[in-house]
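Trainee: could you look at this predicted model? Sequence included:
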Amino acid sequence: MLCARVDVATGLVLSVEDVQSDNWANVNRPSEGWWAVAVHDVAAGWGYQAGHSQQFAPPWTKPQGAHDAYPIDAWVHFEGRLWRSLVDANVWKPGRANWRTGDTNGLDEWFQPTGSTDAYPLEATVEHTAIRWGSEYDANVWEPGVFGWVNLDAKEDPDDTEWSSDSVAYEIGDVVSYTTVQGGGKKRVQSVAWYGCLQSHTSQRGWDPPNVPALWELRA
């Protein structure tokens, strides 16, 4: 059985050894970064990332033509990350176009799209700034937190309630989110802030949290 020794910080395969016991990697060397290798042609320098359907991936090499260009869904290791090809006949370097990178949970890490081939579709889920985001538009090229994405972690937080002007009774200690939109078109910027209630009151138009510091305190 082959076992690979992995640098857990970078995901880089440092070495591969042929061992006899099936339990050697899991029992005898768990603290030293050893994993049982599922495929038999892994070599030092390959990428490793737990949680992916393909845990080991070869280092990216520049294709010389159509015969060795990367197919769609091919995985490679490049500059300390695993990358998945988004198109067939992919000759681009990862990080420029037509590739997407993911984290250890199989969730894509957001990367600035370069065009229509790698723009994010509607309902795509990514990780950015340690937050999970959901795309609200098709062909989305915006950065999460700026426009076109919804914070999925905040949405699933039972303690996060969006502020409303519709005669809602707020109590001291309540926490609400408040969305501010500035500009229009491509210059439109959307930001979200959280406020804590300082005095019990019933909301009304004009009493937006940023406008009444006697009622609301900015939290984040």
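Mentor: Right, received. Where do you want to start? Numbering: from 1, shown residues only.

Trainee: from here on, contacts and neighbour counts on C-alpha atoms
Mentor: Noted.

Trainee: centroid-nearest residue for this structure?
Mentor: For the chain, the residue whose C-alpha lies nearest the mean C-alpha position (Cα atoms, centre = their mean) is E127; its distance is 1.8 Å.

Trainee: and stretch 65-79, how far from the chain's centre?
Mentor: In terms of Cα atoms, centre = their mean, to the nearest Å, the centre of stretch 65-79 is set 22 Å apart from its chain centre.

Trainee: show me the contact partners of that stretch.
Mentor: The set of residues external to stretch 65-79 that reach it, using Cα atoms under 8 Å, 6 or more residues apart in numbering, is 46-48, 54, 57-60, 63, 82-91, 94.

Trainee: ends of that stretch, how far apart?
Mentor: End-to-end distance for stretch 65-79: 22 Å, by Cα to Cα, to the nearest Å.

Trainee: buried stuff in that stretch?
Mentor: For stretch 65-79, a neighbour-count test (16 or more other Cα atoms under 10 Å) marks A69, Y70, P71, A74, W75, V76, H77, F78 as buried.

Trainee: quickly list what the residue nearest to the centre of the chain is bridged to.
Mentor: E109, R132 (DSSP bridges).

Trainee: distance-wise, check it relative to T101.
Mentor: Plainly put, E127 is 10 Å away from T101 if you go by Cα to Cα.

Trainee: tell me the domain boundaries of the chain?
Mentor: Domain assignment for the chain, taken from automatic domain parsing, gives 1-106, 119-156, 160-220.

Trainee: could you pull out the helices for the chain?
Mentor: In the chain, the helices defined using DSSP state H lie at 152-155.

Trainee: rewinding a little: which residues are in contact with both of E127 and T101?
Mentor: Common contacts of E127 and T101, defined by Cα under 8 Å, 6+ apart, comprise D108, E109, W110.
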